[in-house]
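> I'll drop the sequence and a predicted model, then ask my questions.
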Amino acid sequence: MIDFPHRQFAHCESGVTANLLSFHGLRCSEALVFGIGSGLFFGYVPFVKLNFLPLTTFRSGPGCILTKATKRLGIEIRKQKYRNPEVAEQELDRLLAEGRPVGAQTGVFWLPFFPPAYRFHFNGHNLVVIGKEGDDYLISDPIFEKIVRCPATDLRKARFAKGALAPKGKIYTIEKMPEQFDLPKAITAGIQDVCRVMLKTPVPLAGVRGIRLLARQLVKWPAKLGEKQTILQLGHIIRMQEEIGTGGGGFRFIYAAFLQEAAEILDNEKLAELSQRCTAVGDLWRDFALIASRVCRGRAALQDSFDDLGHLLRQCAAHEETLFQDLQAAIAR
Amino acid sequence: MKKTDVPQQGGLNAGCREINYAVDSDGRYTLEQSVGWEAKNIALRQAWEAIVEQLHQVLAEIRVGEKSSLAYYMVKEQMDSALLAQYSGIPRWRVKRHLKPAVFAKLDNRILIAYAELFRISVEQLRKVPAAPDLILADLEQTEGGVP
């Protein structure tokens, strides 16, 4: 087994990236990777369905954090997909034999170390394979406290899971680290990118406009969809916002932690203040999830609660709008 | 979120602890373990209840001869005919036909084995269904906290 610096984190992709970078000599936090890789996002895409429910996301697309964070830090990575599962497994074994930890995209449905209740057909999971003992792989999955074991047959199924975002055996390794890092430049680029997608996306589904769109549509759900479907869709938003891997508050707390770290690295007092405001936005999202969950449990009158929920969402949108405007100004100085 | 507010309400996570980001008394961010939060436990449980309800529906359809037993295992594995087709390598139009009892009854053993292996059951099991859904929410939750 490779001596791998496993640390437990909130989110799989930023966690995997942070642990891989640490192995290769750049010890960094998950929050820093998340921020440099501009992981924060909001998107509400009603015509794309996930488990038959409209897609709501609080983060950028799978693979974005790894790609953007490594690019902005000047790190070379190699990504590979496979057609043939056997070749994919041989290649993985070969890299492990060379002593190299290997990042992999997998589905979670087939991973036996996941709690049964979390096993859905979701294919955007990431983990690091760090060794093989007999027929078991040893895996550093940043969602879990300790190194986990996974039989080779199960990992093969997970690497070749089918459906949306099918990983097709995708693995990635870090090929070359630069001699020195320009952290301030990478952080600034990451912040600019997030501000741009949150404020200036041309489609009304993304960023602050996406939150407002959801606010407008959500209040109409009870009348339009009936109680049952409404509650399913609401529950789905809670899961996207709070389910394993967000660090709470739809990634807003991780981002606030990033801003706190960035304030020190860039020696920019303003960012520390914006970090606190980002925490406050995360708390608002938590309030939203709490009220929404009461609606789901039938403890709150439906239409009244939906007016409250719509109001809360508009508040989130307003706070995020000024937050990202001020953030843009803070780094433009 | 303050460090002291990190929720510890167990649910369906089988005792797994996950990381929450929270602010300590000095205003510094720390990584705190949490066993779960009521709001998300409700949402997760609701997603499973929807699957169990689907299973009840499909069992009723099988009982009146509208669907084959394959439909039950497909729903249990959270698949639709498109996903089942991709996993089994059998074209979707054929998978859809196999969901009909008359077609399913005449299926070749070779195809039955393909389905059974995918679902990790035997061919005999694939041919029959339980009287009530054998996916029990209580089995998913090994630690039960704040929520009834």
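Yep, that arrived.

> Which strand or helix spans residue A:308?
Taking DSSP states H and E as the criterion, residue A:308 maps to helix A:302-332.

> Quick check: which helices or strands does that helix pack against?
In terms of contacts (3 or more C-beta pairs under 8 Å, 6 or more residues apart in numbering or on different chains; DSSP states H and E), helix A:302-332 is packed against helix A:183-200, helix A:207-218, helix A:221-242, helix A:269-296. Every residue, glycine included, has its C-beta placed from N, CA and C.

> which outside residues touch the following helix or strand past the third one?
When you say that, I think you mean helix A:221-242. Of the helices and strands lying after helix A:221-242 in sequence (DSSP H and E), the nearest is helix A:252-265. For helix A:252-265, the surrounding residues in contact (C-beta atoms under 8 Å, 6 or more residues apart in numbering or on different chains) are A:10-11, A:14, A:29-32, A:34-35, A:39-40, A:58, A:183-184, A:187, A:191, A:194, A:246-247, A:268-272, A:274-276, A:278-279, A:281-282, A:285, A:327, B:1, B:20-22, B:28-29.

> Centre of the chain to helix A:252-265, how far?
The chain centroid and the centroid of helix A:252-265 are separated by 16 Å, computed with C-alpha atoms, centre = their mean, to the nearest Å.

> what angle do it and helix A:302-332 make?
20 degrees (axes from the mean of the first three to the mean of the last three C-alpha atoms, to 10 degrees).

> what about the strands in chain B?
For chain B, applying DSSP state E gives strands covering B:18-23, B:29-34.

> can I get these in JSON lines with mean pLDDT and mean neighbour count?
Output for these, formatted as JSON lines (pLDDT from 0 to 100; neighbours: other C-beta atoms under 10 Å in any protein chain shown):
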{"stretch": "strand B:18-23", "mean pLDDT": "95", "mean neighbour count": "25"}
{"stretch": "strand B:29-34", "mean pLDDT": "96", "mean neighbour count": "18"}
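
> Let me have these in JSON lines, extended by distance to chain A.
Listed next are the strands of chain B as JSON lines, based on distance: least, C-beta to the nearest C-beta, whole Å:
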{"stretch": "strand B:18-23", "distance to chain A": "4"}
{"stretch": "strand B:29-34", "distance to chain A": "4"}
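
> Output the ones you listed in TSV; the columns should cover distance to residue A:51.
Below are the strands of chain B laid out as TSV (distance: least, C-beta to C-beta, whole Å):
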stretch	distance to residue A:51
strand B:18-23	21
strand B:29-34	24
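
> For residue A:44, which of the ones you listed is the nearest?
Of all the strands of chain B, strand B:18-23 sits nearest to residue A:44, with 23.4 Å by C-beta to C-beta.

> Give the other helices and strands that that closest one contacts.
Under the contact criterion of 3+ C-beta pairs under 8 Å, 6+ apart, strand B:18-23 touches helix A:252-265, strand B:29-34.

> Can you mark which positions in the longest one are buried?
Buried residues in helix A:252-265, defined by neighbour count with 16 or more other C-beta atoms under 10 Å in any protein chain shown: A:252-263.

> so which of those comes closest to residue B:123?
Among those, residue A:254 lies closest to residue B:123 (C-beta to C-beta), at 47.7 Å.

> any idea which strand is longest in chain A?
What stands out as the longest strand in chain A, according to DSSP E, is strand A:40-50.

> What residues of that strand count as buried?
Going by 16+ other C-beta under 10 Å, strand A:40-50 has these buried residues: A:40-45, A:50.

> of all the residues you listed, which comes closest to residue A:242?
Using C-beta to C-beta, residue A:42 comes nearest to residue A:242 of the buried residues of strand A:40-50, at 14.6 Å.

> Now do the contacts for that closest one.
A:57-58, A:198, A:206-208, A:210-211, A:250, A:320.

> Please name the nearest non-neighbouring residue to it.
Among residues not flanking residue A:42 along the chain, residue A:210 sits closest, at 5.0 Å (C-beta to C-beta, 6 or more residues apart in numbering or on different chains).

> now chain A, which segments are flagged as low pLDDT?
A:244, A:333 (pLDDT under 70).

> domain parsing for it?
A:12-41+A:59-176, A:183-332 (automatic domain parsing).

> quick one: which of the ones you listed is nearest residue B:91?
Comparing these by C-beta to C-beta, domain A:12-41+A:59-176 comes nearest, at 14.0 Å.

> From the opening residue of that closest one to its closing one, how far?
With C-alpha to C-alpha, to the nearest Å as the measure, domain A:12-41+A:59-176 spans 22 Å from end to end.

> Is any residue of that domain near chain B?
Yes - with C-beta under 8 Å from any C-beta of the partner chain as the criterion, chain B is reached by domain A:12-41+A:59-176 at A:31, A:109, A:115-118, A:120-121, A:143-145, A:162-163.

> Farthest-apart pair in those residues, please.
It's A:31 and A:162 that sit farthest apart of the residues of domain A:12-41+A:59-176 next to chain B, by C-beta to C-beta, at 33.2 Å.

> out of those two, which sits in the busier spot?
For residue A:31 and residue A:162, the more surrounded residue by other C-beta atoms under 10 Å in any protein chain shown is residue A:31, and the numbers stand at 28 against 21.

> export the helix or strand containing the more buried one as PDB, just CAs?
For residue A:31, the host element (DSSP H and E) is helix A:30-36. Extracted in PDB, the C-alpha atoms of helix A:30-36 (Å, rounded to 0.1, in the frame of the first residue of the first chain):
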ATOM      1  CA  GLU A  30      -9.900  21.100   0.700                       C
ATOM      2  CA  ALA A  31     -11.300  24.600   0.900                       C
ATOM      3  CA  LEU A  32      -8.300  26.000  -0.900                       C
ATOM      4  CA  VAL A  33      -8.700  23.500  -3.700                       C
ATOM      5  CA  PHE A  34     -12.400  24.100  -3.800                       C
ATOM      6  CA  GLY A  35     -11.900  27.900  -4.200                       C
ATOM      7  CA  ILE A  36      -9.000  27.800  -6.700                       C
END
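
> that older thread, would you turn the contacts of residue A:42 into TSV with neighbour count?
As requested, these are exported to TSV (neighbours: other C-beta atoms under 10 Å in any protein chain shown):
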residue	neighbour count
A:57	19
A:58	20
A:198	25
A:206	20
A:207	24
A:208	23
A:210	23
A:211	24
A:250	29
A:320	24
